[in-house]
Structures are given as C-alpha cells and as structure tokens.
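**Student:** test case, fold it:
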Amino acid sequence: MKKYFFMFVCCLIVVLMAGCGENILNKNQEIVTNFESEVKITADDQTNYFGTLVHTPEGVTTLTFNSPENLKGLSYSVAGGKYELSKNSLVAEYNKMPFSKNSYVFYLLSFLDFISNAENQSKIMKNKEKYEVVCENEKFSFTLDESGRIKSVCMLSKNLNIELSEHKC
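**Tutor:** Next comes the predicted model:
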C-alpha cells in the first residue's frame with residue numbers, strides 16, 4: 001500500500017510541476033509574423049529611423065525608410081537569399097547581405113526570421129510581460145499585443161529599440 005501511495009505522490013508532484021512552466025511562450029498565443037507595420041528604430045538613444053516594415057513567415061522582408069531625409073525612399077528587401085536595395089529607379093541586387101553582421105538591419109532581419117521559424121518557438125522565454133530569446137548570440141526582448149503582434153523589440157547590447165505600430169495583416 002505504501003508503494004502505491006508513494007507512486008501517487010510522485011505522479012502528483014510531476015503533474016503539478018508541469019503546470020508551473022510560465023517561462024515558455026504560451027502555446028495558445030502565436031506570434032504574428034505576417035504583417036505590415038509602421039516602424040520606429042532608435043539606435044544609441046539618439047538616432048531615429050522611421051519607415052514601413054513588411055515581413056512574411058516565409059522570410060520575405062522589406063524595410064522602406066521614410067526618414068531621416070537622406071534615407072527617405074530607400075527600400076531594402078530580402079527574399080530567398082537575394083538582397084535588394086532600391087531608391088527611386090535605381091536598384092542594386094546582391095547575393096550576399098550588403099550590410100555587416102553588426103548592423104542594425106542584420107539583427108532585425110535575424111530576429112524576425114528566428115521567431116518566424118516554428119522550430120524556435122520553444123526557445124522563446126516569457127519574463128513577466130516581455131519575451132526573451134537569444135539569436136545570433138545576442139539577447140532580444142520583445143513585447144506582443146493581445147493579438148500576438150509584435151509591439152516592440154529591444155537589443156540591449158547594441159542599444160537598439162524598435163517600435164511597431166499601425167499593424168496591417
């Protein structure tokens with residue numbers, strides 16, 4: 001009888017401990033990775049970039065700058081390993097990313113691709129109201145709205161903050 005009681009207590013503990021896992025992304029909440037959004041990128045607490053960000057779960061991403069004035073109209077797209085920079089009627093295509101691996105654009109694209117991959121969902125940890133993930137050896141924290149759309153992304157080591165608003169799906 002003691003043997004069955006001990007097994008029952010052990011099973012009960014396992015069941016109770018399994019219910020305590022608030023760290024991992026809620027299985028019921030999915031991150032919306034198919035969106036078009038207005039974006040504000042703040043780098044080093046002083047440089048602000050404004051534009052439109054479009055991302056699909058397939059990894060097609062386009063970032064078009066509205067300001068500062070010297071970048072207005074510049075569009076950067078990546079799809080299937082092809083990279084494109086365009087402004088007005090001038091288009092440049094690349095087979096390699098035209099930015100360094102330390103650039104803000106590289107980290108933004110890497111983050112979006114990482115969270116879009118269903119295999120990476122288990123690596124996303126929840127810490128209070130923020131989610132955290134390590135991508136490209138950098139720690140990102142981000143927030144979601146009630147619909148699972150990304151509201152903000154922060155990368156502390158590079159002093160990079162990204163705010164998304166006016167989502168269109």
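
**Student:** which stretches of this structure form helices?
**Tutor:** 2-18, 104-116 (DSSP state H).

**Student:** other SSEs contacting the last one?
**Tutor:** When you say that, I think you mean helix 104-116. Packing contacts for helix 104-116, counted by 3 or more Cβ pairs under 8 Å, 6 or more residues apart in numbering; DSSP states H and E, involve strand 35-43, strand 61-67, strand 130-135, strand 138-144, strand 150-155, strand 160-168. Heads up, the C-betas are built off the backbone N, CA and C, glycines and all.

**Student:** list the buried residues of the second one.
**Tutor:** Across strand 61-67, burial judged by 16 or more other Cβ atoms under 10 Å covers T61, T62, L63, T64, F65.

**Student:** same question for stretch 133-152.
**Tutor:** By neighbour count with 16+ other Cβ under 10 Å, stretch 133-152 contains the buried residues V133, C135, F140, S141, F142, L144, R149, I150, S152.

**Student:** returning to that earlier point: turn the helices and strands packed on helix 104-116 into a markdown table, including mean pLDDT.
**Tutor:** Shown next, in a markdown table, are the helices and strands packed on helix 104-116 (pLDDT from 0 to 100):
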| stretch | mean pLDDT |
| --- | --- |
| strand 35-43 | 93 |
| strand 61-67 | 94 |
| strand 130-135 | 92 |
| strand 138-144 | 94 |
| strand 150-155 | 94 |
| strand 160-168 | 88 |
